[in-house]
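J.: quick one, fold the following:
(chains A and B)
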Amino acid sequence: MIALALALSLGLQQSRPLAQKQGASTAQPSRDQTAPQSDDIDLLPKAATPDAVTTARNQALEQDLRKRRQMLQLHQLGGMLTLATLGATVVFGELNYIDKYGGGGDTGRWSGWHTWSAYTSAAIFAATGALAVLAPSPIEKPARLDTAMLHKIAMSVATAGMVTQIVLGIATAGKQGQVSQRDYALAHQIVGFTTFGATAVGFGVLTF
Amino acid sequence: MLALVAVLLCAPSGQLLDVQEGTLSYTVVHKLHEVHASTKQVEGRALAQPDGTVKVQVRAKVATFDSGNSNRDAHMREATHEAEHPYAEVKGTLTGVTLPLAAPAETTLHAVVELNGEKQAQDIPIKLQPAGTGVRATFTFPISLDALKVERPQLLLVKVDDRATISGDLRFEAAK
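T.: Here you go, the predicted structure:
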């Protein structure tokens, strides 16, 4: 009996530093009763239980992230609609340009289509951008060149292009009957292609 | 006396190893592309017992995974409720492993995978290799996002596949 006790106490001396090194309790009760009992040992220190303040902060963070997710999903939908309507605007604009300056007879038959698709795409573009800009961003993200940053750069170019296009479009229409209208129209056409290209890049870059 | 014996028998014994370096990564598949994310901030510990049983616990903070897109990483944190469940974790038991390893070995970790506060039992094939004075463990295993109640992220209104793959390459060394 004494020998047994001695042997066990020696075993305890050997194992005690190990238990201290673990820095955590063993055999913590598992929340999941299906988990094998043998896996319940915690070798790593348990994460500290959050206090009331931390819990409240975490809940607020969860809510903000959920709202962000919903807004960015709508932003994706808006992005697809933007690309479609902007593409239509470019096509109608090109047809209008050919009609007016490419020997089409200046019938004006595409003018209305181009105008209304342009206003529609501008409105969708603005709403889509607002969804991204106004979405809560509760997690601090270090600025770095990643696909999200490339998306933002491309869409900033597209935004500048959209603003330019609205101004140029109205200015071009106001030059009706003047020789300079063709130059304005050409600039409007070039900025239009650039804006559509930047939007397409901003859309496509997120698929990488 | 019996109580004393029981306490003494329950005290852990064996060799303790810590993860010195390593990478954990996940891959999710979308119709348009595959997304890989990884972290090098891995915590892990193994307790090798004289009978060849090795208890293992490895975890990483969900917030440390980097997929190359900060928006996507934020989205994954939201999908896994990272604020409430900050860690992705694997705990399990290997059997028939004697340290130090004499040669590379393949074995199975009978594990419980925890993500999003959900636990799933999983058998994970593991390759063990001697690495200096320690052991290198590599593994790959699939998980079901639906089973772990992770709301699958969407791109262009299309959800990522239910099946995600977890991979790891870890080097364990004797704990200091």
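
J.: which helix or strand lies directly C-terminal to the lowest-mean-pLDDT helix or strand in chain A?
T.: Of all regular secondary-structure elements in chain A, judged by mean pLDDT, DSSP states H and E, the least confident is helix A:2-22 with a mean of 42. The first helix or strand that comes after helix A:2-22 along the chain, using DSSP states H and E, is helix A:52-101.

J.: do the helix or strand encompassing B:Leu109 and chain A come into contact?
T.: For B:Leu109, the enclosing helix or strand under DSSP H and E is strand B:105-115. Yes: with C-beta under 8 Å from any C-beta of the partner chain as the criterion, chain A is reached by strand B:105-115 at B:His110, B:Ala111, B:Val112. (C-beta placed from N, C-alpha, C; glycine too.)

J.: check the offset of stretch A:142-153 from the chain's centre.
T.: Relative to the mean C-alpha coordinate of its chain, stretch A:142-153 is positioned 10 Å out (C-alpha atoms, centre = their mean, to the nearest Å).

J.: do it and chain B meet at all?
T.: Yes: using C-beta under 8 Å from any C-beta, stretch A:142-153 reaches chain B at A:Pro142, A:Arg144, A:Asp146, A:Thr147, A:Ala148, A:Met149.

J.: contacting residues around that stretch?
T.: Contacting residues not belonging to stretch A:142-153 are listed as A:Val201, A:Gly202, A:Val205, A:Leu206, A:Phe208, B:Gly68, B:Asn69, B:Ser70, B:Asn71, B:Arg72 [C-beta atoms under 8 Å, 6 or more residues apart in numbering or on different chains].

J.: now, among these, which is nearest to B:Leu99?
T.: Relative to B:Leu99, the closest of the contacts of stretch A:142-153 is B:Gly68; by C-beta to C-beta it sits at 36.9 Å.

J.: check what pLDDT the nearest residue in space to that closest one that is not next to it in sequence gets.
T.: Closest residue in space to B:Gly68, ignoring its immediate chain neighbours: A:Asp146 at 5.4 Å, by C-beta to C-beta, 6 or more residues apart in numbering or on different chains. At A:Asp146, the pLDDT value in this model is 85.

J.: gap between A:Asp146 and A:Met155?
T.: Using C-beta to C-beta, to the nearest Å, one gets 14 Å for the distance from A:Asp146 to A:Met155.

J.: anything in the helix or strand containing A:Gly202 near chain B?
T.: When elements are defined using DSSP H and E, A:Gly202 is found to belong to helix A:181-204. No: residues of helix A:181-204 contacting chain B under C-beta under 8 Å from any C-beta: none, with a closest distance of 8.9 Å.

J.: ok, and what's touching that helix?
T.: The set of residues external to helix A:181-204 that reach it, using C-beta under 8 Å, 6+ apart, is A:79-80, A:82-83, A:86-87, A:89-90, A:93-94, A:97, A:100-101, A:125, A:150-152, A:154-155, A:157-158, A:161-162, A:164-165, A:168-169, A:171-172, A:175.

J.: out of the residues you listed, which are buried?
T.: Buried by 16 or more other C-beta atoms under 10 Å in any protein chain shown: A:79, A:82-83, A:86, A:89-90, A:93-94, A:97, A:100, A:125, A:150-152, A:154-155, A:157-158, A:161-162, A:164-165, A:168-169, A:172, out of the contacts of helix A:181-204.

J.: returning to that earlier point: okay, buried residues for the helix holding A:Gly202 please.
T.: A:181, A:184-185, A:188-189, A:191-192, A:194-196, A:198-199, A:201-203.

J.: and the next element down the chain from the lowest-mean-pLDDT helix or strand in chain B?
T.: The helix or strand of chain B with the lowest confidence, counting by mean pLDDT, DSSP H and E, is helix B:2-10 at a mean of 47. If you walk from helix B:2-10 toward the C-terminus, the next helix or strand you reach (DSSP H and E) is strand B:15-29.

J.: in its sheet, what does that next one sit against?
T.: When pairs are called by DSSP bridges, strand B:15-29 turns out to pair with strand B:34-39 (antiparallel), strand B:42-48 (antiparallel), strand B:163-174 (antiparallel).

J.: can you tell me which of the ones you listed is most buried?
T.: strand B:42-48 (a mean of 22; mean count of other C-beta atoms under 10 Å in any protein chain shown).

J.: contacts for that one?
T.: Residues from elsewhere that reach strand B:42-48 (C-beta under 8 Å, 6+ apart): A:18, A:22, A:41, A:43-44, B:12, B:14-19, B:22-24, B:54-60, B:97, B:99, B:168, B:170, B:172, B:175.

J.: narrow those to those that are buried.
T.: Neighbour counting with 16+ other C-beta under 10 Å marks A:18, A:22, A:41, A:43-44, B:12, B:14, B:16-19, B:22, B:24, B:54-60, B:97, B:99, B:168, B:170, B:172, B:175 as buried within the contacts of strand B:42-48.

J.: before we move on, the earlier item: need the buried ones from the residues of strand B:105-115 next to chain A selected in PyMOL.
T.: In PyMOL, a selection of the buried entries from those looks like this (16+ other C-beta under 10 Å):
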select buried, chain B and resi 110+111+112
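
J.: which stretches of the chain have low pLDDT?
T.: You didn't say which chain, so I picked chain A. In the predicted model of chain A, residues A:1-40 satisfy pLDDT under 70.

J.: nope, chain B please
T.: Counting by pLDDT under 70, chain B has low-confidence residues at B:1-13.
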